[in-house]
Structure formats: structure tokens, C-alpha cells
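Asks: could you look at this predicted model? Sequence included:
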Amino acid sequence: MASSTVELDGSVMEGGGQIVRVAAALSCVGGSPVTMCKVRAGRSSPGLRPQHLSGLQLVSDMCGGVLQGGAVGSTDVSLTPGKIRAGNYTADTRTAGSVCLLLQVALPCALYADDISNLILRGGTNAEMAPQIDYAVNVFKPIVEKFGVHFDCDIKMRGFYPKGGGEVRAAVHPVKELQAVTMLERGNIAKIHGRAYVAGVLPFKLAKDMAAAAVRTIRREIKDLYVDIQAVQEKEKAYGNGNGIIIIAESRTGCLFAGSALGKKGVYADKIGTEAAEMLLRNIRHNGCVDEFLQDQLIVFMALAKGTSRIRTGAVTLHTQTAVHVAQQMTQAKFTITKCEDELGVTYIIECQGSGLSNPNL
């Protein structure tokens with residue numbers, strides 16, 4: 001990767017915090033300084049929010065970097081990375097900002113350290129507009145491990161909107177290099193399971209109602225599978241009040257898909273269960289091997305891996321297109337997206353000739 005500064009326009013394409021995360025992670029790993037202007041320019045509250053800032057500070061800490069423009073509301077940010085060092089790192093959004101998004105930005109960096117890194121991530125574990133921690137553990141983790149990634153993840157405390165207060169600990173093992181991944185054949189869906197939870201003062205009946213509504217919705221479309229959704233009362237491991245549901249489908253070839261939803265004031269529990277079920281069904285109607293959420297999260301790993309990765313997806317999201325755009329600017333990776341039509345419908349194959357980045361610290 002070039003060490004000349006990469007300049008990115010933070011308002012292009014999806015134009016959100018994701019550009020910042022992908023750029024910062026790849027800057028840290030590849031050693032190229034990055035400057036971003038117009039960060040989140042089109043959003044209702046433009047510039048960095050607390051969670052974007054804590055993610056940038058975390059990455060900057062991990063690589064002994066210099067962060068300029070690192071303030072809430074800042075629309076111009078630059079990161080000049082140093083050498084990545086293993087260690088114990090803590091990031092705290094001090095809000096319900098998502099710990100999963102902190103993990104997204106920090107994980108690639110920790111892979112290129114000289115030893116195990118221990119990350120303590122604080123904020124919301126089950127927050128809106130971000131993956132729930134259950135998704136990170138049950139879907140993202142097993143699939144990203146195919147690239148040779150190895151990390152352990154421990155949910156110490158769940159935290160919900162608006163208080164946050166959650167804590168997740170991740171121990172990330174370094175790699176010499178990541179390997180390319182091929183996921184082209186989905187096969188039939190073999191099992192569907194899930195978890196509907198309530199925390200704090202909310203009645204357990206909410207969890208049962210969410211689970212029952214989700215099962216009913218899935219049954220209407222998938223008749224021949226036992227759908228196992230457990231209703232759970234979060235006891236000591238939860239801070240504040242919250243409720244939600246995550247449902248996971250697993251295919252014969254080991255592909256994973258999810259649908260999830262969070263409770264909101266004034267929304268009936270069955271509506272939340274149904275919303276999660278419909279999201280899952282939408283993601284298994286196409287014959288792709290990943291769901292719409294995992295798509296963009298794999299781009300960084302495809303870009304860094306050695307060899308050619310090929311992953312079959314449903315419709316390519318704007319988040320994915322944005323991640324590809326940033327990855328191609330920050331690395332030597334080359335992506336192509338091909339549309340495929342067959343009797344099972346339309347899918348896309350995202351192919352990437354990875355940059356094959358080798359860890360200089362190991």
C-alpha cells in the first residue's frame with residue numbers, strides 16, 4: 001500500500017460513519033495516512049458523532065497514530081498511522097453508540113498487531129442503526145473466521161438506548177495474512193433459531209409475544225422447519241431497560257442469515273417479532289450466501305486477503321458499494337460485481353483480488 005496520503009470525500013455514496021470506519025481501519029493496517037473531508041455532511045447532525053470519534057481514537061491508539069480533527073461535530077479528519085501494537089485497549093462511546101461498530105473498526109487493526117490484543121468496548125450492545133452484539137457473535141464471527149480471523153468475544157453487560165452502559169470484551173489473535181474466501185453455494189436452509197429478550201423492568205410477556213409473532217410469520221412461508229426462538233429475561237447482565245429479538249437461519253453449507261428488531265416505546269411486541277421475521281425471510285428468499293448486513297462488513301477482509309475471494313449475495317447495498325469504493329482507494333485490491341440470473345432468481349457475485357497484505361509485526 002502506498003504511504004502517500006489518501007484523500008476521501010466523506011459525503012459520497014452512503015456518506016455515513018461507515019466511510020470513516022473502513023478508511024481508518026485500512027489506513028491503520030496499510031500504513032497510508034488518510035484525510036477525510038465532508039464527513040457525514042448530509043446527515044441531520046453532520047460530522048463525527050461520539051461513537052465515530054471513539055472508534056477513531058481507538059484505532060489511533062492501537063497504531064500510535066496522530067488524529068487531527070478528532071472532535072464531535074468535526075467534518076474534516078485525518079489519521080496518520082504509526083506501528084500497530086498489541087495491548088489492552090478501551091473505547092467508550094459514553095452513549096448508546098454501538099459497541100459492534102467499535103469492533104468493526106478495531107478488529108482489522110488488531111489482526112496486524114504483534115500479539116493478542118484485548119479490547120474493552122463500552123456503549124450500546126443492542127442499539128438502533130447498527131448490528132446487535134448477538135449478530136456480531138452468531139453471524140459475523142463464524143463467517144469472518146473463514147478468512148483466518150480468530151477472536152473471542154465476551155458480553156459482560158448489555159446496554160440499550162438511550163443509556164448505553166454495555167460492555168463487550170474481545171481478545172483478537174494476530175494473523176500473518178488473511179486467506180481468500182469463496183461462498184457461492186448456499187444450499188437449503190437447515191435450521192432457524194433465535195432469541196427474544198427483555199431487560200430491566202419490562203415484563204417477560206413481551207419476550208414471549210415477540211417470539212410467538214416471529215414464529216407465526218416464518219411458518220407462513222417456511223412450513224417444514226422447526227423454528228426455535230427462546231424467550232429470555234436478561235438478569236444481572238443488563239444495564240437499563242430494553243427488548244428485542246434476533247433470528248438466525250443456517251444453510252446446509254454453513255451460510256448464516258439474520259433478522260432482528262428492537263423494541264421501541266409504544267410499539268406492540270408482535271410487531272417487533274414480525275419485523276425481525278420479515279427481515280430474515282427477505283434475506284433468505286434470494287439464493288445468496290450472506291445477508292444484506294454481512295455484505296459490507298466482509299469487504300475489508302476481502303480487500304486484505306491473499307488471493308481471490310468470491311461471495312454470492314442478494315441485491316448489493318449502498319453500504320457495500322461504499323466499502324468497495326473506499327477499499328479500492330486505500331489498498332491494491334480490485335473488486336468486480338457480476339449479476340447472475342437463473343431459475344432461482346437474481347444474485348450477484350462480489351469478486352475481489354485481495355491485496356494480500358502480510359503482517360509486518362509478526
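Replies: That came in fine, so what should we check first? Note that the structure is predicted; figures quoted are calculated from it, not measured. Numbers count the residues shown, from 1 in each chain.
Asks: where along the stretch 1-150 of the chain do the helices fall?
Replies: For the stretch 1-150 of the chain, helices defined by DSSP state H, counting those that start in this stretch occupy the ranges 17-30, 50-62, 99-111, 133-135, 141-144.
Asks: which one of these lies nearest to Gly263?
Replies: helix 133-135 (14.3 Å; C-beta to C-beta). All C-beta atoms are positioned from the backbone trio N, CA, C, and that covers glycine.
Asks: ok, residues contacting that closest one?
Replies: Helix 133-135 is contacted by residues 99-100, 125-126, 153, 155, 158, 166, 168, 195, 246, 258, 260, 293 when judged by C-beta atoms under 8 Å, 6 or more residues apart in numbering.
Asks: okay, and which of these map to helices?
Replies: Val99, Cys100 (DSSP state H).
Asks: format the contacts of helix 133-135 as TSV; extra columns: distance to Ser27, pLDDT and neighbour count.
Replies: Output for the contacts of helix 133-135, formatted as TSV (distance: C-beta to C-beta, whole Å; pLDDT from 0 to 100; neighbours: other C-beta atoms under 10 Å):
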residue	distance to Ser27	pLDDT	neighbour count
Val99	22	97	35
Cys100	21	97	24
Thr125	27	97	30
Asn126	29	95	31
Cys153	24	97	17
Ile155	29	97	18
Arg158	31	97	26
Gly166	27	97	28
Val168	24	98	24
Arg195	36	98	21
Ile246	32	98	28
Ala258	29	98	25
Ser260	30	97	23
Phe293	24	96	20
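Asks: returning to what we had before: out of the helices of the stretch 1-150 of the chain, which gets nearest to Ala269?
Replies: That would be helix 133-135 among the helices of the stretch 1-150 of the chain, by C-beta to C-beta, at 17.7 Å.
Asks: keep only those of the contacts of helix 133-135 that are in strands.
Replies: Assigned to strands by DSSP state E, the following of the contacts of helix 133-135 qualify: Cys153, Ile155, Arg158, Gly166, Val168, Arg195, Ile246, Ala258, Ser260.
Asks: which of these lies closest to Ile222?
Replies: Nearest member of these to Ile222, counting by C-beta to C-beta, is Ala258, at 15.0 Å.
Asks: what residues are up against that closest one?
Replies: Neighbours of Ala258 in contact, by C-beta under 8 Å, 6+ apart: Tyr135, Asn138, Val139, Ile246, Ile247, Ile248, Ala249, Met279, Leu280, Asn283, Asp291, Phe293.
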